[in-house]
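Colleague: Generate coordinates for the sequence data below:
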Amino acid sequence: MKIIKKILILLLIVLVVAQFFGPEKNQGDLATIEAFMNETNPPENVKIILKETCFDCHSDFTRYPWYSKITPVNYWMEDHVKHGKKHFNVSNWEGNSVKRKDHKFEELIEMVEDKEMPLNSYIWMHKEANLSDDDIKAVIDWAKGVRMKYSLVKQPE
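Modeller: Now for the predicted structure:
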């Protein structure tokens with residue numbers, strides 16, 4: 001019994017000390033989203049959806065909830081953000097070719113249609129991110145319109 005008590009005390013000490021360390025937060029400038037918004041021109045309802053369901057993980061600006069200060073949750077969240085930005089980052093939109101932008105929208109459509117985005121783990125903590133069928137349709141219709149615009153731009157050979 002003494003060994004279990006010592007192990008539990010050691011684990012508690014490690015957990016308390018771990019609270020003083022954490023990953024760097026994704027708190028860039030919200031203005032980095034403007035180029036994406038201006039170029040893709042989402043309607044107001046889609047802007048709200050993007051803000052509530054996408055930008056926390058797919059931009060350089062994340063709104064962090066209270067529980068993001070708790071280790072190991074903070075590392076788990078930062079891994080999600082890092083992974084999300086690697087695949088689709090609206091904050092560096094201007095640096096992408098039209099071909100890449102079109103491809104990102106193709107992926108966006110597929111992920112939203114298949115209900116792979118937003119992630120279930122995000123929806124659990126952000127109920128407003130649970131997209132209705134109307135929300136999904138609005139996002140897909142907007143994304144298809146953006147892809148149509150990109151298809152009209154002459155691609156360099």
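Colleague: quick one: the nearest residue to Thr40 once chain neighbours are set aside from Phe105, how far?
Modeller: Sequence neighbours aside, Val146 is the residue nearest to Thr40 in space, at 4.9 Å (criterion: CB to CB, 6 or more residues apart in numbering). The C-beta positions use only the backbone N, C-alpha and C, and glycine is treated the same way. Applying CB to CB, to the nearest Å, the value for Val146 to Phe105 is 5 Å.
Colleague: Which secondary structure element of this protein has the lowest mean pLDDT?
Modeller: helix 120-125 (a mean of 80; mean pLDDT, DSSP states H and E).
Colleague: Let me see the residues that make contact with that helix.
Modeller: For helix 120-125, the surrounding residues in contact (CB atoms under 8 Å, 6 or more residues apart in numbering) are Thr53, Asp56, Cys57, Pro65, Tyr67, His80, Ala129, Asn130.
Colleague: Narrow those residues to those in strands?
Modeller: Among these, no member falls in strands (DSSP state E).
Colleague: how about the residues you listed in CSV, adding neighbour count?
Modeller: Shown next, in CSV, are the contacts of helix 120-125 (neighbours: other CB atoms under 10 Å):
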residue, neighbour count
Thr53, 23
Asp56, 22
Cys57, 22
Pro65, 12
Tyr67, 10
His80, 16
Ala129, 18
Asn130, 14
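Colleague: In helices only, show me these.
Modeller: Judged by DSSP state H, helices contain the following of the contacts of helix 120-125: Thr53, Asp56, Cys57, His80.
Colleague: Once you drop chain neighbours, what's closest to the second one?
Modeller: Okay, so that is Asp56. Here the residue nearest Asp56, using CB to CB, 6+ apart, is Thr62, at 4.8 Å.
Colleague: ok, now the last one?
Modeller: The shortest distance from His80 to any residue other than its chain neighbours is 5.8 Å, reached at Cys57 (CB to CB, 6+ apart).
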